[in-house]
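1. Let's see this in three dimensions:
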Amino acid sequence: MQLLILVFRIIPEDWHRRFFCLIILYVVLGIFEMLGVASILPFVALLADPQALDRSFVAEILESITSLRLSSVPVHWIGVVVLTLFLATNVLALVSTWLSVRFSNRLAVRLATDVAARYFAQGYGFLRSQSPSLLSNYTVREVEKIVSGGVLQLCLLVSRSFQVGLIFLLLAIVSPVFSLVFMLVSLFLYLFFYRILKGRLSVAGEDLIRSSGNAANSADELYSGAKEIMVRGNLDYFLGDLRKWLLRRGAADEIARVYPIVPGMPSNLLRFRQS
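-> Sure, this is the predicted structure:
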């Protein structure tokens, strides 16, 4: 939950309209998902007993509003409506996922640009006192980690919350007593599992972050150590790389610039290998 709140806070003010449009799209997707799922069983029951449609709750509401009996509507038209709901739900799911990924990627670029601009605005002394890998990690990885997962999760949270609220509202209209009991039982189960899993998930999250950081440090040490051995401890590697460099850069001035430092390198490498 804290990550979702942080994502909402870091969204720039001029991006709020785009974000709320994305939220509305996910709410519409939630409505279509509910309509698609809710229309399956009535349609199957209609195929078995067409007269049962007039005794349904939806038929009573529709007849009171439009004076139209659902039994007079051809069954294949109702099937077309059900199929349209499923197709619309799938299309909206694809569009909403694509838009959320597109929004999160653009937001990551915007935030990374702002973070880099603030780093450079603090002056040369700040840049010299900080590790370049640390600044690049905050600029790229941390921003991408928050934005890529947070935007989609926040949209899904709003959509699912709207679905749950709408279900409770419909249940309260149909059966108030059952709705009250169901809501109390759901709240009790939520608090029960939250109390049990809160500490365990917190410890697991800290262990995951710690292990990820240790893995990154170990990888840096591995590659830097391998590079150090290859450069300083392997004479064949050094001479082969130097030969490729001289063949690639044939200009006399380039060779003249690097030549004074070449004679000392083989002797240093030989001493390193003999030690």
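
2. in the one helix or strand Ile146 maps to, what counts as buried?
-> In this structure, Ile146 sits in helix 143-174 according to DSSP states H and E. Buried residues in helix 143-174, counted by 16 or more other CB atoms under 10 Å: 143-144, 146-148, 150-152, 154-156, 158-159, 162-163. C-beta: built from backbone N, CA, C; applies to glycine.

3. ok, now which ones touch Pro12?
-> Arg110 (CB atoms under 8 Å, 6 or more residues apart in numbering).

4. Can you report phi and psi for it?
-> phi -60, psi 150 (degrees, to the nearest 10).

5. cool, Pro176 as well?
-> Backbone dihedrals for Pro176, given as degrees, to the nearest 10, come out at phi -60, psi -40.

6. Number the residues from 19 up from this point.
-> In the new numbering, first residue 19, that becomes Pro194.

7. how deep is it tucked in, by neighbour count?
-> 10 (other CB atoms under 10 Å).

8. Also Asp32?
-> Asp32 is flanked by 8 other residues according to other CB under 10 Å.

9. Quick check: which element contains the residue nearest to Tyr156 when sequence neighbours are not counted?
-> Nearest residue to Tyr156 in three dimensions, chain neighbours excluded: Val133, at 6.5 Å (CB to CB, 6 or more residues apart in numbering). Element membership for Val133, per DSSP H and E: helix 93-139.

10. Can you name every helix or strand that that helix contacts?
-> Packing partners of helix 93-139 (3 or more CB pairs under 8 Å, 6 or more residues apart in numbering; DSSP states H and E): helix 34-56, helix 58-66, helix 142-147, helix 161-192.

11. what's the least confident stretch among those helices?
-> Between those, the one with the least mean pLDDT is helix 58-66; it has a mean of 64.

12. Isn't the residue nearest to Tyr156 up against Val161?
-> Yes - applying CB atoms under 8 Å as the test, Val133 and Val161 come out as touching, 6.5 Å apart.

13. which regions of the protein sit below the pLDDT cut-off?
-> 19-26, 55-94, 96, 167-168, 219-293 (pLDDT under 70).

14. how is it carved up into domains?
-> Domains of the chain are assigned by automatic domain parsing as 20-192, 252-292.

15. Could you pull up the residues touching Gly54?
-> Going by CB under 8 Å, 6+ apart, Gly54 touches Val100, Leu103, Phe104, Ala106, Thr107.

16. go again using 10 Å as the cut-off
-> Listed by CB atoms under 10 Å, 6 or more residues apart in numbering, the contact set of Gly54 reads Val100, Leu101, Thr102, Leu103, Phe104, Leu105, Ala106, Thr107, Asn108.

17. Then Leu112?
-> Contacts of Leu112 were listed using CB under 10 Å, 6+ apart, and none were found.

18. any idea how far Ala106 lies from Phe180?
-> Going from Ala106 to Phe180 by CB to CB, to the nearest Å gives 17 Å.
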